[in-house]
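I'd like to go over a predicted model; first the sequence, then the structure.
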Amino acid sequence: MSDAPLKPSTIAVHAGRPPHESDQPFNTPVTFASTYVAGGDVEYGRYGNPTWAAFEEALGALEGGRALSFASGLAAIATILDLVGQGQKVVASRHSYSGTVMQLADLEARGRLTCELVDVTDTDAVVSACDGASLVLLESPTNPALEVADIPTIRDAAHAAGAYLVVDNTFATPLLQRPLDLDADLVVHSATKFLAGHSDVLMGAIVTRDDELFGVLKNRRDLIGAVPGPMEAFLALRGLRTLHLRVERAQANAQELVRRLDGHPAVGEVRYPGMGAIISIELAQGAMAADLLCRKTKLWVHATSLGGVESTFERRRRWRSEAATIPEALVRMSVGIEDVDDLWADLETALDDLT
Ligand SMILES: *Cc1c(COP(=O)(O)O)cnc(C)c1O
């Protein structure tokens, strides 16, 4: 075999497996262990686990860095925000995941840090906000507004200010965007979403190419202890094995649904960043129509979260924590891997009922 780098779909299938030796299992076993016999590298269950390590190897290979597993996406983000010095400034997308914004607001209210929320599509405003910042946390596309940031320009401004650039890559996945290739310092994931992909596990991860940062974050994880269970890591890795197939199919479905949604009289605006499996639509007749739509379908499930094999949707402003700049009638749709004609028939029936 040549030394050409492996393609992402091959990495998704092969990375993080035991060696090809007689009687080795194909899959890394689930290791339930709170402690290990003394004298080795791991020692204790909060410091490491072979099942996390397998997941970390696979995700690290896909993102092009070294990965650390966490109990959830927000546990990973909390550990990253712990790097910010007392009273220092964080710049973040105003339309970040609402839990991220709530975490920042909570830290700001307690005087731990200051936070400037920016419109990531206004690159000049983001660049000026970077001045004096110690960390810039971007989502691109943003959740649920689906705005796209100019990552290279913002990276230059962040680095000029001496700030770390962190990209939440949950929506794009490493198959559609590799922020470390754009010189981001850290990538963070809610592995709960596309990486695990089956709506049955909560997990998070951080990936970096910077060995020093890796060491600091590993140390923070050891001390904070926001670690996943081994079963979660096993399920996330099992899900990751088909990431490329799921993303390819869900994205193709999303692109077709965008074409069909565009021009339906019940639908005002259709937002789609050109990639991925998330679509946000605004119902022409407002929030009540959006709530009705979410209750009228048979296949589409009214549920929060995203990135599973099943198509789900919800009106985001039903959450009081969602940003007030998100339209009341916006429905975020997470397109699954079902047959697109079935998905459309279900949606179209419900949409027709609204008109
Ligand atoms: C869901 C989500 C998170 C939080 O992840 P959890 O696993 O739910 O803690 C963070 N960022 C984005 C973009 C998300 O969609």
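Thanks, I have the structure now. Numbers count the residues shown, from 1 in each chain.

For the longest helix anywhere in the chain, name the packing helices and strands.
Longest helix in the chain by number of residues, with DSSP state H as the criterion: helix 243-261. Here helix 243-261 touches helix 8-14, helix 173-176, strand 267-271, strand 278-283, helix 340-354, going by 3 or more C-beta pairs under 8 Å, 6 or more residues apart in numbering; DSSP states H and E. Using the backbone N, CA and C atoms, a C-beta is placed for each residue, glycine as well.

so how far is the ligand from Glu322?
12 Å (C-beta to the nearest ligand atom, to the nearest Å).

repeat for Pro141
Applying C-beta to the nearest ligand atom to Pro141 and the ligand gives a distance of 9 Å.

before we move on, what about Thr114?
Following C-beta to the nearest ligand atom, the distance that separates Thr114 from the ligand is 21 Å.

go on, Tyr97?
According to C-beta to the nearest ligand atom, Tyr97 stands 4 Å off from the ligand.

what about the residue lying closest to that residue once chain neighbours are set aside, how many neighbours?
Among residues not flanking Tyr97 along the chain, Asn143 sits closest, at 4.7 Å (C-beta to C-beta, 6 or more residues apart in numbering). Asn143 has 26 neighbours, counted by other C-beta atoms under 10 Å.

Spit out the contact partners of Asn143.
95-97, 170-171, 278, 332 (C-beta atoms under 8 Å, 6 or more residues apart in numbering).

what about it, which SS state?
coil (DSSP: H, G, I helix; E, B strand; the rest coil).

Give the burial count for the closest residue to the ligand within the chain, as a bare number.
Closest approach between the chain and the ligand, counting by C-beta to the nearest ligand atom: Gly73, at 2.3 Å. Gly73 sits with 25 neighbouring residues when counted by other C-beta under 10 Å.

any idea where the helices of this protein begin and end?
Under DSSP H, the chain gives helices at 8-14, 50-63, 73-81, 98-109, 123-130, 151-160, 173-176, 211-224, 230-240, 243-261, 287-296, 340-354.

Select, out of these, the one closest to Tyr272.
Of all the helices of the chain, the one in closest proximity to Tyr272, counting by C-beta to C-beta, is helix 243-261 (4.6 Å).
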